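1. Sequence and computational prediction follow.
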Amino acid sequence: MKKIHLWLLVVMSIFITTLTANAEVHYGIVIGDLSYDLDDDYHTAAVSTLESTAIETVIIPSNVSYKGQSYAVTFLDCAAFAECKSLKSVTIPNGVKRIGDGCFQDCENLSSVSLPEGLNKLENEVFRDCINLSSITFPEDLTEIGFACFWCCYNLSSVYLPEGLKIIRDDAFRNCKGLTSITIPQNVTEIEGFCFGDCSNLTSVSLPEGLNEIGSGAFYNCYKLNRVIANNPVPAIITDSSFPLDIDSKTEFLYVPKGSVEAYESSDWKYYFEKILEIDSAEVEEIGACPTGINYSEPYEVFTFAGAKVHTDFDSLSPGIYIIHQGNLTEKLSVHN
């Protein structure tokens, strides 16, 4: 019986070794302007590098072929396009599920990116030091933005975060000097340390109802911040320098839910704001037609005051307070019967 068991183990070992040998990965295969790592086992491809840093436009295919086999492009490897200083435009197919650490770091002429549907996580430092990046479109499936993902993207002036987003890591948008307003989606429960630190032109922030904690330095050095809307009736935990604190100047207005003023005035929030008012007191533009400056014939986005995206046309909005985004234009309005 022992000999039979031993024979079976030997046969299984040979079988597993044969399978492993057949599951080959081809590294550094150049197809067009890109180099790929090709996995025979899963028939997937990872973009590993751009062959020339002088290339200005890249269109990543959804599939590539090699020796008669087809491979689906699902991953952009760590630093695959890092320091490609001539790169201005990149098209990423919907099949890409992961973008690795520092993938586009220091692509100083990259100006706009539309991220693919199905991408649920941006790794660390993906667009760090892309100083001319002015537009980024996030997929609705995105749940996490990694550490320092957009650090020093100076020209990023408008960011519309998707509803499904849950996690914004430390330093994610640090030193984005062009950013003037931000609405944090409903599912985010924590804003980590220095997430929006040194965003020196940030003036308006809307925080979600479920927010429980704001990390140290989250809005550090945001001295132009004059309006914060906190939609949680229970004050979130804040730490040292969560908001800018100057001996001579505090952030001017904090708007909180009805009946919550006393709770906020009894918390550490009181040290950072001149006035704590109920949201109903917020100064908004009261209009019953298309908002001034918004081109109704062009695409726009509608958010509730709490930051939830409204999937409806402007004409069918229920009475309430809303935020309208179109390009770099942001307007607040109140819809009445």
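-> Happy to help now that I have it. These numbers come from a predicted model, not from an experiment.
2. ok, the nearest residue to residue 221 once chain neighbours are set aside - contacts?
-> Closest residue to residue 221 apart from its sequence neighbours, by C-beta to C-beta, 6 or more residues apart in numbering: residue 198 at 4.8 Å. For the C-beta atoms, the positions are set from N, CA and C on the backbone; glycine is no exception. Shown here is residue 198, whose contacts under the criterion C-beta atoms under 8 Å, 6 or more residues apart in numbering are 174-175, 177, 220-222.
3. Looking at these, which one is closest to residue 210?
-> Distance to residue 210, by C-beta to C-beta, is smallest for residue 222 among these, at 22.2 Å.
4. Residue 117 is in contact with residue 142, correct?
-> No: counting by C-beta atoms under 8 Å, no contact exists between residue 142 and residue 117, whose distance comes to 9.5 Å.
5. Which one's more surrounded, the two?
-> Counted by other C-beta atoms under 10 Å, residue 142 and residue 117 do not tie: residue 142 has more neighbours, with 22 against 13.
6. Just list the residues touching the nearest residue to that one once chain neighbours are set aside, thanks.
-> In space, residue 142 comes closest to residue 162 once its chain neighbours are excluded; the distance is 5.2 Å by C-beta to C-beta, 6+ apart. Residues counted as contacts of residue 162 (C-beta under 8 Å, 6+ apart) are 138-142, 185, 309.
7. ok, back up a step: just flag the most distant two among the contacts of residue 198.
-> Spatial extent of those (C-beta to C-beta) is set by the pair 177 and 220 at 13.5 Å.
8. Of these two, which one has the most company?
-> Set side by side, residue 177 and residue 220 give different neighbour counts by other C-beta under 10 Å, the larger being at residue 220 (22 against 17).
9. Once you drop chain neighbours, what's closest to the more buried one?
-> Spatially, and ignoring its direct neighbours in sequence, residue 220 is nearest to residue 197 (3.9 Å; C-beta to C-beta, 6+ apart).
10. what do you get for residue 209?
-> Taking C-beta to C-beta, 6+ apart, and ignoring the residues beside it in sequence, residue 209 has residue 231 as its nearest neighbour in space, at 4.3 Å.
11. just residue 97 next, same as before
-> For residue 97, ignoring the flanking residues on the chain, the nearest one in space by C-beta to C-beta, 6+ apart is residue 74 at 5.1 Å.
12. Give the burial count for that neighbour, as a bare number.
-> Residue 74: 19 surrounding residues under other C-beta under 10 Å.
13. returning to what we had before: so the residue nearest to residue 221 is in which element?
-> No secondary structure element spans residue 198, as it lies outside all helices and strands (assigned by DSSP states H and E).
14. can you give me the helices in the stretch 1-150 of the chain?
-> With DSSP state H, counting those that start in this stretch applied, the stretch 1-150 of the chain shows helices at 2-22, listed in chain order.
15. Where does pLDDT dip in it?
-> Filtered on pLDDT under 70, the stretch 1-150 of the chain yields the residue ranges 1-23.
16. Contact partners for residue 140?
-> Taking C-beta under 8 Å, 6+ apart as the criterion, residue 140 is in contact with 117, 162-164.
17. List the backbone torsions phi and psi for it.
-> phi -70, psi -20 (degrees, to the nearest 10).
18. Strands of the stretch 1-150 of the chain, residue ranges please.
-> Counting by DSSP state E, counting those that start in this stretch, the stretch 1-150 of the chain has these strands, from start to end: 25-31, 34-39, 44-50, 57-59, 63-66, 69-76, 89-91, 98-99, 112-114, 121-122, 135-137, 144-145.
19. is the residue nearest to the spatial centre of the chain in a bridge, and if so with what?
-> In the chain, the C-alpha nearest the mean C-alpha coordinate belongs to residue 145, at 4.8 Å (C-alpha atoms, centre = their mean). The partner list for residue 145 in beta bridges (DSSP bridges) reads residue 122, residue 168.
20. same question, residue 29
-> When bridges are taken as DSSP bridges, the partners of residue 29 come out as residue 36.
21. burial count for it?
-> Residue 29 is flanked by 16 other residues according to other C-beta under 10 Å.
22. Please look at it and residue 40 and confirm they touch.
-> No: here residue 29 lies out of contact with residue 40, judged by C-beta under 8 Å, at a distance of 11.5 Å.
23. mind listing what the nearest residue to residue 259 once chain neighbours are set aside touches?
-> Distances taken as C-beta to C-beta, 6+ apart place residue 233 nearest to residue 259, at 6.9 Å, with adjacent residues excluded. Contacts here follow C-beta under 8 Å, 6+ apart; on that basis residue 233 touches 209, 256-257, 259-260, 263.
24. Counting neighbours, which of those comes out on top?
-> residue 256 (26 neighbours).
25. hmm, who's touching stretch 56-66?
-> Identification of contacts with stretch 56-66 by C-beta under 8 Å, 6+ apart yields 26, 29, 31-34, 36, 38, 45, 47, 50, 70-73, 76, 81, 86-96, 109.
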